[in-house]
Structures are given as C-alpha cells and as structure tokens.
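K.L.:
Sequence below, structure please.
(chains A and B, ligands or ions: 1)
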Amino acid sequence: MQPFTTLTGVAAPLPVANVDTDKIIPARFLKTLTRTGLGRALFDGLRYDETGAERPEFVLNRDPFRKAEILIALDNFGCGSSREHAPWALADFGIRCVIAPSFADIFYNNCFKNGLLPVTLPREVCEQLMQDTELGSNARVTVDLKRQVVVRANGEEIPFQVDEGRRKALLNGLDEIAETLTRDTGITRFETGRAAREPWRPAISLES
Amino acid sequence: MSPADVRRAGQTLFDKIWSAHVVETLASDAALLYIDRHLVHEVTSPQAFDGLRVNGRRVRRPDATLAVPDHNVPTANRDQAITDPESRLQVATLVQNVADFGVPFIPLNDVRQGIVHVIGPEQGASLPGMTIVCGDSHTSTHGALGALAFGIGTSEVEHVLATQTLIQSKARSMRVRVEGQLGAGVTAKDMALYIIGRIGTGGGTGYVIEYAGEAVRSLSMAGRMTLCNMSIESGARAGLVAPDDTTFDYIRGRPMAPKGDDFDAAVAYWRTLVSDDGAVFDHEVVLDAADIAPMITWGTSPEAVIPVTGLIPDPAELTDPAIRANQARMLDYMDLAPGPILGAAVDVVFIGSCTNARIEDIRAAAAIAKDRRVADGVRALVVPGSGLVKLQAEAEGLDRILTDAGFEWREPGCSMCLGMNEDKLTPGQRCVSTSNRNFEGRQGPGGRTHLASPAMAAAAAVAGRIVDCREFG
Ligand code: SF4
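P.N.:
As a prediction, the model looks like this:
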C-alpha cells in the first residue's frame, strides 16, 4: 500500500452532509475488475449533466479545484455501501485526504487500506477550512500525519486524532495481510481449540 | 462473585460473540477477530482474488466461504448469456476465481442462487453466534439470527480470504427496544424506517445495535432480517437480535445447519447468546410500537421518512442553513413540495432486494394484488430474493395472483435495488421500492425512490399513486 506521510495541496470544499457512496461512485461503474481508472467517474451525477458535459458549478470542475488533493465535506461522509470503489475513485482522481466532521464506518476503514487519510475535525473547523478555500490557488492546506496536524493557509495548526495502529500502517504503507500471516500459529490454535470444544460447527457444503 | 464473574454477568450479546472470536488482542484497542462465514459476490471480490494471485496466497478456509453472483445478473432470459459485456465479464471472473481457489459456489442457473443475504440464512450457512462478513454493507441482515454480521471493503475481503480473520476495533453497543405491538398493516420495514427517522442516518455510526423489546421478539425471522438489514442505513456497524425459539425453528432442517445431536448441542450453546440482565449498553433507545405507522421516505436519505399520512417537512422552517439547503435539494431532486405525500403519482414499483424479497414479502404483496390490477401506466416488478423463494411462491400460486394483476414476475437477484443490470429507472421516474436506499441515482440516474414496505409498494402499484396500504386491507 502507498504510504501517507505529509501532503500539501489544494483543498476543495463540498459543503454537503451525508455524501453517500452512490454519489461518490454510482453502481454502474462498479463493473470494473481493477482498482484503477475510476477517477473519471468520481461524483459522476454531480460532475456531469445528462449529456456527459461538465456541470460548471460543481467544485471539481473549477480551477484550482480540478487539481484538488484534499476534499472538505460535512457530516457522515461516505455513508451507504461498502464499495471500496469510493476510495479508489477518490484516489484515482488525485484526492489523498478527506476532512469532515464525521465519516461512515466502512468508508473510513476502506480509506486506510488505500493510502487515503480521512481526518475528523469539528464542523466549525471544517467550515472554517472551507472558507479558506475561497482564497483561490494560494489556499493550500497541509496535512501532516506524522505530527497529526492540519496546517491552514495562514499557518495555524489544527491537531487531529487517528487510531495509533492505523496511523502506523498508513505512515509505513504496511501490507496488513502479510502482518496477519505472521500470526498464523495463533489462528490455527484458535481453529483447532474451537473445533474440539464445539464439534457441531458445520462447514459450508453444497452437496445436498 | 469474583470481579471476572461480575463482568461476565453484565455482558451484552455483542460482548459474548466478540470475545468468543478474539484470536489475539493487538495494540491500540484492536483485536484479530476470527471470521466464521465469508460470503462473496461478483462486484466486490475480483480485486481481492487478484491480490491473492499476485502475492501467491491461497484461500485459507474455502469451507467457510460461499460465493454467488447476484448484483449484476439479469432477472429475465436466464437461458441466454448476459448481454451487458461488463456484467458478463464480472460474473465470468467470479466463476473463474472460485474454480481457481476452490471456493464453494452457487452458479447462476442453480435453483439456490439469489441475493447473498437471502441465501445465507436460507441455506443454514448463517447461524447464531457466528461472525459473518461479506463485501457488502447489508451483511447486517444476518444479524437477525443472533450473529455478528457486517460489511467490509474489498481489501478486507482479501484479508479474510487469506487469513480467515480481520483486524477490528470493538464498536460501542446500543440497544433499541421497541415495546408493545405493531398495529395492523405495520411491518418490520416500517419499524426499520421509523428507527432511522428517529436516530438519523449517522445515529448508529460506531455502534452495534441490538434490537429488543416485545415488538421485535414478535417478528418472524423474515421481519428480523428486514430490520437488521437496514441497520447500516443508520450508520451502525451491525444489527442483531438475540436468538430464540423463532430462530431455532427457522434453522432446523436447513441444508447446511447442524443435524440431530449436533443441532441440540448447537441450540444449547445458542441459548446462552442473550444480553445478561445487568448488561450495560453505551446507548439505549426505547420506542413504542404503537407510534409506528406505515412509513415512506420523501427524500434522498433514508432518514427523510414520514408516516404515509404525514407531511413532507418545509425547509423554510429549519434554522440550520446547511440542513435547510440539503432538504431543499432533496425536494428539488424528488420533485416534491412540502405538504402531504399521499397521492403523488407513481411510475414504477419495485418489490425485491435483500430487505424485502423473502416469501413473507411476496405474500404481503400478493395479498394486496389479489383481484386488483396494476394501474395504467405503472410498471411493477416483483423480483424474488432467491430461486427457492421463487419456487415457494409459485407453489403457493402467488406468481399467478401477481401476474394476473399485471406485475412482472422475475428471476432472483439485486435488480432494481441498485440498477447494475438492465432493471433501472429512467430520469425523472418515481418509484415506490421495498429496497433500502433512496440515494440520488441509486435505482438509475435521475430516478426518484420512495422506500416502503411490500404492502405499501403493492398498494401504490394498484393505485398508481402513493396510498396508505391499510385502505387495501
Ligand atoms: S439487494 Fe440491494 S442492498 Fe441487497 S445486496 Fe443487492 S444491491 Fe445490495
């Protein structure tokens, strides 16, 4: 996995609550077999009209936000489906960090598996950061995961919290599966212990 | 009592299932959690199998894994190849992956095929006390059996395939008690929508919800599945109902369930899976079933819900500018105005999805459809949750009642719940749907979705507009 340490980039405001995963990437784009190439379809319904032309009013269709690497939104970002295509689409577009007052669980979790950092900050702070974006292309925000601070354009530092295990994994770009496989003996011990205690547990079998 | 006994005496059902599955406690509050059942479908698994392949890894426990195609599959002309090339490729990729990795698989032409969350319980693959995951947020459905069941992303699908475990931090616990009895014409779907309306789409975030109280205990297994299914719509990690005789009666005799003495041994264990009297929940909500009417959503979030006889709220009365703007946008998208929702003209009715496509749901729809006709200009689809539900309905003659009334009787799959196959709304169409999400474009770009119960949906089909199903008794 791609590590995340520090990012300085353009932040785009999306002052909407409950941005659901169908908005981030509609179901018809989920027929893909790879993790890449979804950036074009990111926010499809908001970004393009029925003819496929860009909606000029949508933030990611305006400069400097076309190059946004950070997205700022309101409560419950990423609610809905478990589709990892949502962080894949954000990452493929170039967004590496989403800042919001709260996130839906599965989306939040999925971000960390893809080198994307979700930052939870109080709503007033998110609104303040959104106002900063009106400063135009100079309004660059820095997100420093090592020091766990967001640095506003005016230099003010805003601390944020991330679970320590997740922070380490992201900083180092850890392969979680390889990590877990080092605990293989413990997993086997769990399996055999339980099979002995509860021999009634059935296996999946399709023979009838 | 020793301190350990005191703690044990105060355990919630969630605590018990959790602690029975901790392989190892990891740093920073997380645990390596053992997974008993892993359900797999074609949309969220290709990249996971690919990851295994690239790293030379195998599926650790194929005998705990079950795969089925459901999201992309056509609901008509099953004897022909899937016409959409991308869908066809995705289903073919699943077929290849299960063959390469030795994963048990229910193919498209098998009578047991259906929506993954319908077939898990139906086959007896999902059982009480288990940890159950699937790359799909509505995995919460299986919590109805008293299992800890939750949706995961594709990276976690790969993690479970390779290790049969997940790294998880423990959620907080919430109990939602619904006391009293539901009124006539009011169903588990209405209860689910009512709860989301009360706690909000983010109200369950970070929690596992245990549903309890007389009205929940009185629900059939189908009803409990509908209720747990929609837990994710309040943001909850999972929803569950303690197993009881209703659960055990449902499980007995299912193909993959324990048999004979094994079944008795299992039931003895399952009976311990209740929240203890002294169990402490991080949050508790108590509701009165008598307050619940047939519900219908008016907006593009499941929390935008009202009793069918209620009024669509007026954004002008809201003080928070962000919420006001959001509500105004929802009304605009839905082409609705503040005031009564009764009477809004309907173009499409969809009866299906893992929320409401079990036999009880089809019966409820048929009861309304009997001796009536779908209104002119309305397209009404009934999509059974599985091939076995379809067979059962046909054995009961429900398909005839429905088709005589002008409903389409389709093959099982997710269908218009998310519009990945050809069953889609066209822009501007208004649909009453028994599914679980009314997000913008969910059922097709520009489509307008009203979530409701099967009875409400069937009543809307025959009336051609949004009506109170209680008038069709
Ligand atoms: S029926 Fe709908 S909600 Fe259920 S699994 Fe299929 S797409 Fe998801």
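K.L.:
Are whichever strand or helix holds residue B:268 and chain A in contact anywhere?
P.N.:
Using DSSP states H and E, the element containing residue B:268 is helix B:260-270. Yes: residues of helix B:260-270 are located near chain A by C-beta under 8 Å from any C-beta of the partner chain, namely B:261-263, B:265-266, B:269. Heads up, the C-betas are built off the backbone N, CA and C, glycines and all.
K.L.:
Any regions of chain A where pLDDT drops low?
P.N.:
Applying pLDDT under 70 to chain A flags the ranges A:136-138, A:208.
K.L.:
Just give me the longest helix of it.
P.N.:
Longest helix of chain A, by residue count under DSSP state H: helix A:184-197.
K.L.:
on that earlier part again, the helix holding residue B:268 - contacts with which helices or strands?
P.N.:
helix B:245-251 (3 or more C-beta pairs under 8 Å, 6 or more residues apart in numbering or on different chains; DSSP states H and E).
K.L.:
Check which residues of the helix it packs on are buried.
P.N.:
Across helix B:245-251, burial judged by 16 or more other C-beta atoms under 10 Å in any protein chain shown covers B:246-248, B:250-251.
K.L.:
Repeat that for stretch B:310-327.
P.N.:
For stretch B:310-327, a neighbour-count test (16+ other C-beta under 10 Å) marks B:312-313, B:315, B:326-327 as buried.
K.L.:
Relative to residue B:387, which of the buried residues of helix B:245-251 is nearest.
P.N.:
Nearest to residue B:387 out of these is residue B:250 (C-beta to C-beta; 18.8 Å).
K.L.:
Counting neighbours, what do you get for the residue lying closest to that closest one once chain neighbours are set aside?
P.N.:
Distances taken as C-beta to C-beta, 6 or more residues apart in numbering or on different chains put residue B:221 closest to residue B:250, at 4.3 Å, once the chain neighbours are dropped. Residues lying near residue B:221 (other C-beta atoms under 10 Å in any protein chain shown) number 18.
K.L.:
do the one 3 residues further on as well
P.N.:
When counting by other C-beta under 10 Å, one arrives at 27 neighbours for residue B:224.
K.L.:
Who are the packing partners of the helix or strand hosting it?
P.N.:
Following DSSP H and E, one finds residue B:224 within helix B:221-229. If you count contacts as 3+ C-beta pairs under 8 Å, 6+ apart, helix B:221-229 packs onto helix B:116-122, helix B:188-199, strand B:207-212, strand B:238-240, helix B:245-251, helix B:359-369.
K.L.:
what's the angle from that helix to helix B:359-369?
P.N.:
For helix B:221-229 against helix B:359-369, the angle by axes from the mean of the first three to the mean of the last three C-alpha atoms, to 10 degrees is 100 degrees.
K.L.:
Contacts for helix B:221-229, please.
P.N.:
Contacts with helix B:221-229, where a contact means C-beta atoms under 8 Å, 6 or more residues apart in numbering or on different chains, come from B:117, B:121, B:138, B:140-145, B:149, B:187-189, B:191-192, B:211, B:216, B:219, B:238-241, B:246-247, B:250, B:354-356, B:358-361, B:436.
K.L.:
Which ones, among those, also lie beside the ligand?
P.N.:
Applying C-beta under 6 Å from any ligand atom to these, one finds that B:117, B:138, B:354, B:436 fall near the ligand.
K.L.:
most neighbours, which of those residues?
P.N.:
Busiest of these [other C-beta under 10 Å] is residue B:117, holding 32 neighbours.
K.L.:
now residue A:17, what's its secondary structure?
P.N.:
Assigned by DSSP: H, G, I helix; E, B strand; the rest coil, the conformation of residue A:17 is coil.
K.L.:
hmm, back to that, now the buried residues of stretch B:310-327 in CSV, with pLDDT?
P.N.:
CSV is the format used below for the buried residues of stretch B:310-327 (pLDDT from 0 to 100):
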residue, pLDDT
B:312, 98
B:313, 97
B:315, 96
B:326, 92
B:327, 95
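K.L.:
Now the two most distant members of those.
P.N.:
Distance extremes for these: the farthest pair is B:312 and B:326 at 14.2 Å, using C-beta to C-beta.
K.L.:
Where does the prediction get shaky in chain B?
P.N.:
Residues of chain B that meet the cut-off, pLDDT under 70, sit at B:1-9, B:28.
K.L.:
max-length strand in the chain?
P.N.:
Here I'm looking at chain A. strand A:6-14 (DSSP state E).
K.L.:
switch to chain B, that's the one I care about
P.N.:
Longest strand in chain B, counting by DSSP E: strand B:172-179.
K.L.:
Tell me if it is near chain A.
P.N.:
No: for strand B:172-179 and chain A, the contact criterion (C-beta under 8 Å from any C-beta) is not met; the two come no nearer than 11.3 Å.
K.L.:
tell me which residues of that strand are tucked away?
P.N.:
Buried, per 16+ other C-beta under 10 Å, within strand B:172-179: B:173-178.
K.L.:
for these, which one is nearest the ligand?
P.N.:
Using C-beta to the nearest ligand atom, residue B:176 comes nearest to the ligand of these, at 20.7 Å.
K.L.:
check contacts around that closest one.
P.N.:
B:195, B:199, B:209-213, B:284-285, B:287.
K.L.:
Go back to those and keep what's next to chain A.
P.N.:
Okay, of these, nothing touches chain A (C-beta under 8 Å from any C-beta).
K.L.:
What subset of those residues is buried?
P.N.:
Members of the contacts of residue B:176 classed as buried by 16+ other C-beta under 10 Å are B:195, B:199, B:209-213, B:285, B:287.
K.L.:
Would you convert those into CSV that also reports distance to residue B:162?
P.N.:
Output for these, formatted as CSV (distance: C-beta to C-beta, whole Å):
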residue, distance to residue B:162
B:195, 36
B:199, 36
B:209, 30
B:210, 31
B:211, 33
B:212, 36
B:213, 40
B:285, 38
B:287, 42
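K.L.:
in chain A, which spans are helices?
P.N.:
A:21-24, A:44-47, A:85-93, A:105-112, A:123-132, A:164-172, A:176-181, A:184-197.
K.L.:
Show residues contacting the first one.
P.N.:
Spelled out, it's helix A:21-24. Contacts of helix A:21-24 (C-beta under 8 Å, 6+ apart): A:42-43, A:45-46, A:78-81, A:83, A:85-86, A:89-90, A:107, B:418, B:437, B:439-442.
K.L.:
Near the ligand, list only the ones from the residues you listed.
P.N.:
Okay, of those touching the ligand (C-beta under 6 Å from any ligand atom), that's residue B:418.
K.L.:
out of the contacts of helix A:21-24, which are buried?
P.N.:
Buried, going by 16+ other C-beta under 10 Å: A:42-43, A:45-46, A:78-81, A:83, A:85-86, A:89-90, A:107, B:418, B:437, B:439-442, out of these.
K.L.:
Surely residue B:377 is in contact with residue B:346?
P.N.:
No: counting by C-beta atoms under 8 Å, residue B:377 stays clear of residue B:346, with 9.3 Å between them.
K.L.:
Select, out of the helices and strands packed on helix B:221-229, the one closest to residue A:200.
P.N.:
Among the helices and strands packed on helix B:221-229, helix B:245-251 sits nearest to residue A:200 (C-beta to C-beta), with 12.2 Å.
K.L.:
tell me what the closest one is packed against?
P.N.:
helix B:221-229, helix B:260-270.
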